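**Student:** Sharing a model prediction with you, sequence too.
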2 protein chains.
Amino acid sequence: MTNPRVTTAPRSGHSHTAEAILDVAERLVQTYGYNGFSYADIAAQLGITKAALHYHFVSKGELGVALLARYTDRFVAALDDADIQGFDAAAKLDRYGQLYLDVLQGGRMCLCGMLAAEYQTLPAPMRTAVLQFFDQNESWLATVLASGREDGSLRFDGSAEHTARVIVSDLEGAMLIARLHNDVDRFTAAIDRLLGSLHHPRRRKQT
Amino acid sequence: MTNPRVTTAPRSGHSHTAEAILDVAERLVQTYGYNGFSYADIAAQLGITKAALHYHFVSKGELGVALLARYTDRFVAALDDADIQGFDAAAKLDRYGQLYLDVLQGGRMCLCGMLAAEYQTLPAPMRTAVLQFFDQNESWLATVLASGREDGSLRFDGSAEHTARVIVSDLEGAMLIARLHNDVDRFTAAIDRLLGSLHHPRRRKQT
DNA sequence: GTCTATACAGCGATAGAC
DNA sequence: GTCTATCGCTGTATAGAC
């Protein structure tokens, strides 16, 4: 510990207030969309002024990019964690579905699923970040799928990359529709069917 | 034909201009979202003023409701058409996927999929209409699935209603992600996998 | 780091002439 | 049915004091 003490802020390098701003903004975007909230909404919830927000994030687009960076970092960290835990491929897939479920249970849509809908209205830097989120998700899933097919814990038709894409789009769609109906069961039913179809049929459930 | 001649407007009862407004607004919502366009955008594209728009649709919410009514009517008409054509259940399912593909190939997101993302920001009458769209879709699909299982052209685990929900959410998710990447192939690959898994395995394709 | 104050564009919407 | 003109409000963003 010879290094000088760094701030208590996470590796993203934001101050405590900046993190609080991101927390509120994240929830607003996941609930109302990027075009459905304003600086005034954040300011009101934090009890500060709009001007103070602009000190931390000069523009709304910059805030959006920071939002995406933090969200993607956390998501990737969760995937890395699953790798480190030494789960088998099937368990990693279940863990992936659980990540989505956690978001939905908070009453939220996936940040990047929401931004995917609004993609055509986003500033270029945000667009890039949204695409990167999905690229990283699909890459991780493709690796998991390939290893799962090799060790026999998973089975699927087509390439791992292709199947990874299907998993991502199915989960995003299931979240979107489940949140619409405020019905988490719709989501769990969808992932059970999806992940069940990928698991090696040791015991297939039939209703 | 003893009835007096009615207007040439479709059964929705809108004038030619109102229909033109709906055409433009529909494309704007499907591209940028309900919160991503304004009366000024429509007016500019039609070469009229914002005030003229308010004559046809008093408020934006009213325009949104009219948009949903027309879209749902057209969708239901297409489903009715599939019923009348006497397709078997598997062919009806394919037709359903084709409807989505048609929308995506126009570079658009499903109107109601887009509005599902923005659901929390919509006025109450629009929320109701969005839910009705999905209810009608799921009901039609459930009927098709049930008859398909009976006549042997389809097979699936679980209830028809449950499976119908999965089809809707998978297709909406696939549209959302395919449009994000501006890649129609992503969508066709997803529906091929989905509908292929529902078809009776006369000839299953394996890659 | 937060404030007051403000600029300025855009929004949905209305009044009233034509 | 469309226009000009305008209203009131909200949006993002900035200047400058504390």
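**Tutor:** Cool, got the structure. Residues are numbered from 1 along each chain as shown, chains lettered A, B, ... in the order given.
**Student:** so which strand or helix has the nearest residue to A:Asp94 once chain neighbours are set aside?
**Tutor:** Excluding its sequence neighbours, the residue lying closest to A:Asp94 (C-beta to C-beta, 6 or more residues apart in numbering or on different chains) is A:Leu195, at 6.2 Å. C-beta coordinates here come from the backbone N, C-alpha and C atoms, glycine included. Secondary-structure element containing A:Leu195, defined by DSSP states H and E: helix A:184-198.
**Student:** Now do the contacts for the residue nearest to A:Asp94.
**Tutor:** By C-beta atoms under 8 Å, 6 or more residues apart in numbering or on different chains, the contact set of A:Leu195 is A:Leu93, A:Asp94, A:Gly97.
**Student:** quick one: the first one and B:Gly158, what's the gap?
**Tutor:** A:Leu93 sits at a distance of 20 Å from B:Gly158 (criterion: C-beta to C-beta, to the nearest Å).
**Student:** Tell me which of those two has more neighbours.
**Tutor:** Counting neighbours by other C-beta atoms under 10 Å in any protein chain shown for A:Leu93 and for B:Gly158 shows that A:Leu93 has the greater number, 24 against 16.
**Student:** Where does the prediction get shaky in chain A?
**Tutor:** For chain A, residues meeting the criterion pLDDT under 70 lie at A:1-12, A:202-207.
**Student:** Could you check how many residues crowd around the residue of chain A found nearest chain B?
**Tutor:** For chain A, the residue closest to chain B is A:Gly173, as judged by C-beta to the nearest C-beta, at 2.0 Å. Under the neighbour criterion other C-beta under 10 Å, A:Gly173 is assigned a count of 26.
**Student:** now the end-to-end length of stretch A:105-117.
**Tutor:** Separation of the first and last residues of stretch A:105-117 by C-alpha to C-alpha, to the nearest Å is 20 Å.
**Student:** Show me what counts as buried in that stretch.
**Tutor:** A:Arg108, A:Met109, A:Cys110, A:Leu111, A:Cys112, A:Gly113, A:Met114, A:Leu115, A:Ala116, A:Ala117 (16 or more other C-beta atoms under 10 Å in any protein chain shown).
**Student:** hmm, that stretch in reach of chain B?
**Tutor:** Yes: applying C-beta under 8 Å from any C-beta of the partner chain, one finds that stretch A:105-117 is in contact with chain B at A:Met109, A:Gly113, A:Met114, A:Ala116, A:Ala117.
**Student:** can you tell me how far the fourth one sits from B:Arg149?
**Tutor:** The reference is to A:Ala116. As for A:Ala116, its distance to B:Arg149 is 33 Å (criterion: C-beta to C-beta).
**Student:** Can you name the residues of chain A sitting close to DNA strand C?
**Tutor:** Counting by C-beta under 7 Å from any atom of the strand, the residues of chain A close to DNA strand C are A:Ser15, A:Thr17, A:Gly47, A:Ile48, A:Thr49, A:Lys50, A:Ala51, A:Ala52, A:Tyr55, A:His56.
**Student:** and those, which of them are in helices?
**Tutor:** Judged by DSSP state H, helices contain the following of the residues of chain A next to DNA strand C: A:Thr17, A:Lys50, A:Ala51, A:Ala52, A:Tyr55, A:His56.
**Student:** so can I have CSV of the residues you listed showing distance to B:Asp41 and neighbour count?
**Tutor:** Output for those, formatted as CSV (distance: C-beta to C-beta, whole Å; neighbours: other C-beta atoms under 10 Å in any protein chain shown):
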residue, distance to B:Asp41, neighbour count
A:Thr17, 36, 14
A:Lys50, 26, 13
A:Ala51, 30, 9
A:Ala52, 32, 15
A:Tyr55, 33, 11
A:His56, 32, 18
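**Student:** Any chance of those in a markdown table with distance to chain B as columns?
**Tutor:** Shown next, in a markdown table, are those (distance: C-beta to the nearest C-beta, whole Å):
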| residue | distance to chain B |
| --- | --- |
| A:Thr17 | 26 |
| A:Lys50 | 19 |
| A:Ala51 | 24 |
| A:Ala52 | 25 |
| A:Tyr55 | 26 |
| A:His56 | 24 |
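**Student:** Which one of those residues is nearest to B:Tyr32?
**Tutor:** Set against B:Tyr32, the nearest of those by C-beta to C-beta is A:Lys50 (24.7 Å).
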